[in-house]
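Novice: Sequence and predicted model, in that order:
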Amino acid sequence: MHLFLNGLAASAGGGLTYLRNVVPELSKRAGVKTTVALSKGCHFEFDALPNTSCLTMPGPAGAVRRFWHEQTHLGRLIRGTKADVLISTGNFALRDAPIPQILLSGNSLYTSKDFLADLRRRGDYRLLLDTMGKGVFAKRSVIWADCTVAPSEAFAKELSDWTRTHVKTVHHGFDRERFFQDRRPLAGEIQQELDAAQDALRLLFVSHYNYYRNFETLFRAIPILRDRMGGRQVKLFLTCKLAPGQNPGSYRTEFANALVRKLKIADSVVELGAVPYEQLHGLYRSCHIYTTAAYTETFAHPLVEAMASELPVVASDLNVHREVCGEAALYFGRFSPQDLAMQIWRMAESRNISQNFAAKGLARSRDFSWQAHVDQILALAQNL
């Protein structure tokens, strides 16, 4: 079987994580050949993998322009490879695809009422219109595809309700060996920040800055938590910079920066910037609690990474988070800094509680496997 994997939309975050894990797994399968289409500027070592070839396609910047470019050019390229099944990874399907098509849909912003309300509240009407416009094509894409796959049951239900089309669930995976294989110490500047916070309660949130990960609720929880901690320092480590031009997308960081100043928590928020994937495990294991206040998600890979690193989790009360973590996390109302501070305090104050959740998380992380994910995708492709 010859698969054509459309990875043109992969530029950051979950899209890159997906390709980095799935393509090597596909290369191991006997009788499976994979052609991967990548945008210009993406450099992976996929060409060195057996049964794998890469095509780099120059194309316009921006999701809308890229969408139209794919609709007009990608079909001819697919025909030339003589592939059997197309796997579209970027939320948008190819209309009238020349071969059977599996759509991997992983963007909940098009179905999130909270996100649209957030954009209106921020006055970001340009992004609001952009999201609504893309949502039209994302919805049609589910209908165009022969099979649509979501990474969680909760998001699959959202898509099904939105499009009135059956959507299958195939959980994303986790490669423990690959994640922990790099034994080099953390970069010097990162280690310096951790060393300076040795006596503090160290919280971690792994994400680029964007609106839907709800950084502001995290920030508002810090003064409340500091009061509860009875003078103990609190440090929130971020894998991003709250500065213009430092994050993917067009998200504006001005409000987040202003909130940090208003709350007088600049000494508690540590902006590490992007941390290489191979070094993330060292960062997880150097902190006390992983926390996320996201108000919409489709899977949330960092939750699995944190659990595998035996880092206890405090997460917003989303169906997706409950599906991924189960009983291995404490949950809070996604827009309640008071509730978040209380749950972090509960986790931090009791060694027994934090160890119990760390052990549950480690066990839960073993339920996610890229091998199992690829098995299910291949089964769907074979049926098509």
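Specialist: Noted; the coordinates are in hand. Predicted, not measured: the structure shown is a model, and the values here were computed from it. Numbers count the residues shown, from 1 in each chain.

Novice: switch to C-alpha atoms for all contacts and neighbour counts from now on
Specialist: OK.

Novice: Can you give me the neighbour number for V374?
Specialist: Counted with other Cα atoms under 10 Å, residues neighbouring V374 total 21.

Novice: wait, L77
Specialist: 15.

Novice: again with T163
Specialist: T163, neighbours per other Cα under 10 Å, totals 16.

Novice: Please name the nearest non-neighbouring residue to it.
Specialist: Here the nearest residue to T163 in space, its sequence neighbours aside, is K139; by Cα to Cα, 6 or more residues apart in numbering that works out to 6.2 Å.

Novice: which SS state does that neighbour fall under?
Specialist: Put simply, K139 is helix when judged by DSSP: H, G, I helix; E, B strand; the rest coil.

Novice: List the buried residues for stretch 222-233?
Specialist: Across stretch 222-233, burial judged by 16 or more other Cα atoms under 10 Å covers I222, P223, I224, L225, R226, M229, Q233.

Novice: Turn those residues into TSV, columns for secondary structure and pLDDT.
Specialist: Converted to TSV, the buried residues of stretch 222-233 look like this (DSSP: H, G, I helix; E, B strand; the rest coil; pLDDT from 0 to 100):
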residue	secondary structure	pLDDT
I222	helix	98
P223	helix	97
I224	helix	97
L225	helix	97
R226	helix	96
M229	coil	93
Q233	coil	96
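
Novice: what about the closest residue to A200 other than its chain neighbours, distance to T163?
Specialist: Among residues not flanking A200 along the chain, Q233 sits closest, at 4.5 Å (Cα to Cα, 6+ apart). For Q233, the distance to T163 (Cα to Cα, to the nearest Å) stands at 48 Å.

Novice: just E297 next, same as before
Specialist: Going from E297 to T163 by Cα to Cα gives 18 Å.

Novice: quick check, nearest of the buried residues of stretch 222-233 to S108?
Specialist: I222 (27.5 Å; Cα to Cα).

Novice: can you pull the contacts of the closest one?
Specialist: By Cα atoms under 8 Å, 6 or more residues apart in numbering, the contact set of I222 is V234, I265, S268, A341.

Novice: ok, then the element right after the helix or strand hosting the last one?
Specialist: The one in question is A341. A341 is part of helix 337-349 when elements are defined by DSSP states H and E. Using DSSP H and E, the helix or strand that follows helix 337-349 towards the C-terminus is helix 351-365.

Novice: and the angle from that following helix to helix 337-349?
Specialist: 100 degrees (axes from the mean of the first three to the mean of the last three Cα atoms, to 10 degrees).

Novice: related to what we said a few turns ago, can I get the CA coordinates of the helix holding A341 in PDB?
Specialist: What follows is helix 337-349, C-alpha atoms only, in PDB (Å, rounded to 0.1, in the frame of the first residue of the first chain):
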ATOM      1  CA  PRO A 337      -8.200  31.300  38.800                       C
ATOM      2  CA  GLN A 338      -9.500  30.700  42.400                       C
ATOM      3  CA  ASP A 339     -10.300  27.100  41.600                       C
ATOM      4  CA  LEU A 340      -7.000  26.700  39.800                       C
ATOM      5  CA  ALA A 341      -5.000  28.100  42.700                       C
ATOM      6  CA  MET A 342      -6.900  25.800  45.100                       C
ATOM      7  CA  GLN A 343      -6.200  22.600  43.100                       C
ATOM      8  CA  ILE A 344      -2.500  23.500  42.700                       C
ATOM      9  CA  TRP A 345      -2.300  24.200  46.400                       C
ATOM     10  CA  ARG A 346      -3.900  20.800  47.200                       C
ATOM     11  CA  MET A 347      -1.400  19.100  45.000                       C
ATOM     12  CA  ALA A 348       1.600  21.000  46.400                       C
ATOM     13  CA  GLU A 349       0.700  20.800  50.100                       C
END
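
Novice: roughly how far is it from the heart of the chain?
Specialist: Centre-to-centre, helix 337-349 and its host chain are 24 Å apart (Cα atoms, centre = their mean, to the nearest Å).

Novice: which stretches of the stretch 151-300 of the chain form strands?
Specialist: 168-169, 201-205, 234-238, 269-271, 289-292 (DSSP state E, counting those that start in this stretch).

Novice: Out of these, which is closest to S88?
Specialist: strand 168-169 (14.7 Å).

Novice: Now do that closest one: which elements does it pack against?
Specialist: The contact analysis (3 or more Cα pairs under 8 Å, 6 or more residues apart in numbering; DSSP states H and E) places strand 168-169 against strand 147-150, helix 153-163.

Novice: got the contact list for it?
Specialist: Strand 168-169 is contacted from outside by C147, T148, V149, A150, P151, S152, E153, A156, using Cα under 8 Å, 6+ apart.

Novice: from what I can see the second one touches G106, true?
Specialist: Yep, that's T148 we're talking about. No. Using Cα atoms under 8 Å, T148 is not in contact with G106, being 10.3 Å away.

Novice: what about these two, which has more around it?
Specialist: More crowded of T148 and G106, by other Cα under 10 Å: T148, with 26 against 22.

Novice: which residues does that one contact?
Specialist: I102, L103, L104, S105, V142, H166, V167, K168.

Novice: Format those residues as a markdown table; extra columns: pLDDT and neighbour count.
Specialist: Formatted as a markdown table, the contacts of T148 follow (pLDDT from 0 to 100; neighbours: other Cα atoms under 10 Å):
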| residue | pLDDT | neighbour count |
| --- | --- | --- |
| I102 | 98 | 25 |
| L103 | 97 | 26 |
| L104 | 95 | 25 |
| S105 | 94 | 25 |
| V142 | 96 | 27 |
| H166 | 96 | 16 |
| V167 | 97 | 23 |
| K168 | 98 | 20 |
